[in-house]
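[1] sequence first, then the predicted structure, then my questions.
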Amino acid sequence: MSTGYVYHEVYGWHDTGTHAGLLPADPRRGLQPHRHFENAEAKRRVHELVVVSGLVDRLTRLAPRPVTDEEVLLVHTPGHLARLVAANDTGGDAGDGGSPFGPGGLDVARLAAGGVVRAVEAVVDGEVDNAYALVRPPGHHALADVGMGFCLLGNVAIAAASVRRSRGVGRIAVVDIDVHHGNGTQAAFEDDPDVLTISVHQDRVFPPDSGHVTERGSGAGFGYALNLPLPPGTGNGGYLEAVRRVVLPALRRFRPDLILVAAGFDANAVDPLARMMVTASGYREIGRMLVDEAAALCGGRIAFAHEGGYDPVYVPFCAHAVIEVLAGVEEPLEDPFAVNFDNQGQQELQPHQDAAIAAAEKLVADIG
Ligand SMILES: O=C(CCC1CCCC1)NO
Ligand SMILES: [Zn+2]
């Protein structure tokens with residue numbers, strides 16, 4: 001089993017500035033200076049755990065390359081690219097006012113999207129069996145004409161569009177397990193029946209009023225967007241049932257040539273930007289199910305692209321668990337927090353979560 005791994009230190013230099021988490025510091029409003037939630041720490045520490053645990057020695061390091069304008073324009077408008085280019089020397093915002101970047105921010109974003117392209121190309125070309133792209137800034141909220149939710153470019157959407165064009169890949173399934181709705185990827189392929197987008201997320205946590213189970217794609221793409229909003233407080237039981245009863249059956253009906261995973265870890269039990277209870281063991285099992293399905297459906301061709309996940313202590317264990325699955329590690333790193341988080345009350349599936357899953361489950365039959 002060969003697993004490609006993309007990481008570049010410059011991802012840690014993407015500068016989201018001095019913030020009060022989500023807002024610029026402002027003494028007049030009581031907003032004390034702190035770090036932006038989307039800072040380098042959580043992702044840099046994933047990499048450091050991968051190195052210190054020795055997992056990195058079982059991975060095939062892939063060097064990212066920046067995406068070209070042409071690749072960016074497969075998904076984004078010239079106006080959006082121009083906005084980013086114009087602000088690249090001074091720093092600026094991706095468009096929604098909450099997605100800041102410093103000087104050179106577009107260069108880092110190009111390398112993040114290019115890191116996902118590199119990982120996906122390596123999988124499609126058979127250079128590796130599967131891959132993990134630990135990139136920053138994230139991408140799954142970026143729309144064609146505006147960045148949002150800390151995302152400048154649609155990393156996964158660009159990678160999917162790029163390999164369809166360069167390698168003639170036919171049917172691509174994107175499974176978004178970030179706790180926030182993968183609105184950008186969904187929008188990029190809204191009317192395209194050859195790209196199935198599936199998003200499992202906390203109900204309406206972000207973007208506002210987005211990710212309803214009734215959002216199903218449009219035109220020829222109707223039925224090829226699948227949304228599973230889950231109630232706050234959902235833990236391993238609910239997530240694993242969601243994958244088992246909705247994600248896997250949808251993949252089996254769609255029969256992808258390639259599976260991409262928008263791998264956010266902000267459904268973790270202690271994330272500041274959501275209210276779910278997933279633990280490293282839950283993420284390991286989610287990863288296991290998706291990797292096994294890729295083996296059954298598309299020769300094991302699966303690539304993960306890192307998205308959100310903000311707790312600097314716990315996200316490393318969650319992401320490390322998934323990368324271990326990709327690399328076929330038999331003796332996984334122990335989660336030191338399992339005793340705390342795995343045993344929280346209501347980790348098992350709850351009736352209201354079951355109802356949310358059932359609402360999406362009945363839509364699967366419309367695929368294919
Ligand atoms: O992790 C993210 C970013 C979510 C935040 C964007 C503004 C408030 C919540 N998206 O996947
Ligand atoms: Zn997120």
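    In hand now; what should we look at? In this text the structure is predicted, and so the values were computed from the model without any measurement. Residues are numbered from 1 along each chain as shown. Ligands and ions are numbered 1, 2, ... in the order given.

[2] now the strands for the stretch 101-250 of the chain?
    In the stretch 101-250 of the chain, the strands defined using DSSP state E, counting those that start in this stretch lie at 130-133, 172-176, 195-202, 225-230.

[3] at the contact with ligand 2, which residues of the stretch 201-350 of the chain appear?
    Counting by CB under 5 Å from the ion, the residues of the stretch 201-350 of the chain lying close to ligand 2 are Gly264, Asp266, Gly308. No exception for glycine: its C-beta is placed from N, CA and C like everyone else's.

[4] I'd assumed Gly309 was in contact with the first one.
    The one in question is Gly264. Yes - in this structure, Gly264 is within contact of Gly309 by CB atoms under 8 Å, at 5.5 Å.

[5] what is in contact with those two at once?
    Asp178 (CB atoms under 8 Å, 6 or more residues apart in numbering).

[6] returning to that earlier point: now render the strands of the stretch 101-250 of the chain as a markdown table, adding mean pLDDT and distance to ligand 1.
    A markdown table is the format used below for the strands of the stretch 101-250 of the chain (pLDDT from 0 to 100; distance: least, CB to the nearest ligand atom, whole Å):
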| stretch | mean pLDDT | distance to ligand 1 |
| --- | --- | --- |
| strand 130-133 | 99 | 16 |
| strand 172-176 | 99 | 9 |
| strand 195-202 | 99 | 8 |
| strand 225-230 | 98 | 14 |
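
[7] which residue would be the closest one in the protein to ligand 1?
    Residue of the chain nearest ligand 1, by CB to the nearest ligand atom: Gly308 (2.7 Å).

[8] is it true that that residue lies in a strand?
    No - under DSSP: H, G, I helix; E, B strand; the rest coil, Gly308 falls outside any strand and is assigned coil.

[9] and the host helix or strand of Tyr283, what does it pack onto?
    Here Tyr283 sits within helix 280-298, counting by DSSP states H and E. Applying 3 or more CB pairs under 8 Å, 6 or more residues apart in numbering; DSSP states H and E, we find helix 280-298 packed against helix 236-242, helix 248-254, strand 258-263, strand 302-306, helix 315-327.

[10] most tightly surrounded among these?
    Stretch with highest mean neighbour count among those: strand 302-306 (a mean of 30; mean count of other CB atoms under 10 Å).

[11] got the angle between that one and strand 258-263?
    With axes from the mean of the first three to the mean of the last three CA atoms, to 10 degrees defining the directions, strand 302-306 sits at 20 degrees from strand 258-263.

[12] which strand residues bridge Val278?
    According to DSSP bridges, the partner residues bridging Val278 are Asn268.

[13] and Asn340, how many neighbours?
    Asn340 has 13 neighbours, counted by other CB atoms under 10 Å.

[14] after the helix or strand in which it is found, next one along is what?
    Under the criterion of DSSP H and E, Asn340 resides in helix 338-341. Next in sequence after helix 338-341, counting helices and strands by DSSP H and E, comes helix 351-361.

[15] tell me the mean pLDDT for that following helix?
    The pLDDT scores in helix 351-361 average 98.

[16] the residue nearest to Met148 when sequence neighbours are not counted: neighbour count?
    Nearest in space to Met148, with sequence neighbours left out and distances taken as CB to CB, 6 or more residues apart in numbering, is Asp96 at 3.8 Å. Neighbours of Asp96 under the rule other CB under 10 Å: 16.

[17] just Pro33 next, same as before
    Neighbourhood size, Pro33 [other CB under 10 Å]: 12.

[18] also Val329?
    Around Val329 there are 18 residues (other CB under 10 Å).

[19] ok, now how distant is it from ligand 2?
    Counting by CB to the ion, to the nearest Å, the separation of Val329 from ligand 2 is 26 Å.

[20] what's the pLDDT at Glu70?
    So, for Glu70, pLDDT stands at 98.

[21] how about the CA coordinates for whichever strand or helix holds it, as CSV?
    Assessed by DSSP H and E, Glu70 sits inside helix 69-72. Extracted in CSV, the C-alpha atoms of helix 69-72 (Å, rounded to 0.1, in the frame of the first residue of the first chain):
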residue,chain,number,x,y,z
ASP,A,69,-4.7,30.5,-13.7
GLU,A,70,-6.2,28.1,-16.2
GLU,A,71,-6.9,25.5,-13.5
VAL,A,72,-8.3,28.2,-11.2
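
[22] now that helix: buried residues?
    Glu71, Val72 (16 or more other CB atoms under 10 Å).

[23] which residues touch it?
    Leu81, Arg110, Ala113, Gly114, Val117, Leu153, Ile158, Ala161, Ser162.

[24] quick one: strands adjacent to the helix or strand of the chain with the lowest mean pLDDT?
    In the chain, no helix or strand scores lower on mean pLDDT, DSSP states H and E than strand 18-20, which sits at a mean of 91. Strand 18-20 sits in its sheet next to strand 23-24 (antiparallel), strand 34-35 (antiparallel), going by DSSP bridges.

[25] would TSV of those with mean pLDDT, distance to Asp271 and mean neighbour count be doable?
    Output for these, formatted as TSV (pLDDT from 0 to 100; distance: least, CB to CB, whole Å; neighbours: other CB atoms under 10 Å):
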stretch	mean pLDDT	distance to Asp271	mean neighbour count
strand 23-24	94	18	14
strand 34-35	96	15	14
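
[26] looking at the ones you listed, which is closest to ligand 2?
    Among the strands paired with strand 18-20, strand 34-35 comes nearest to ligand 2, with 16.6 Å by CB to the ion.

[27] after the closest one, next one along is what?
    helix 41-52.

[28] check which helices and strands that following helix sits against.
    Where contact means 3+ CB pairs under 8 Å, 6+ apart, helix 41-52 is packed against helix 315-327.

[29] tell me the angle the helix it packs on makes with strand 258-263.
    Orientation of helix 315-327 against strand 258-263 (the same axes, to 10 degrees) gives an angle of 170 degrees.
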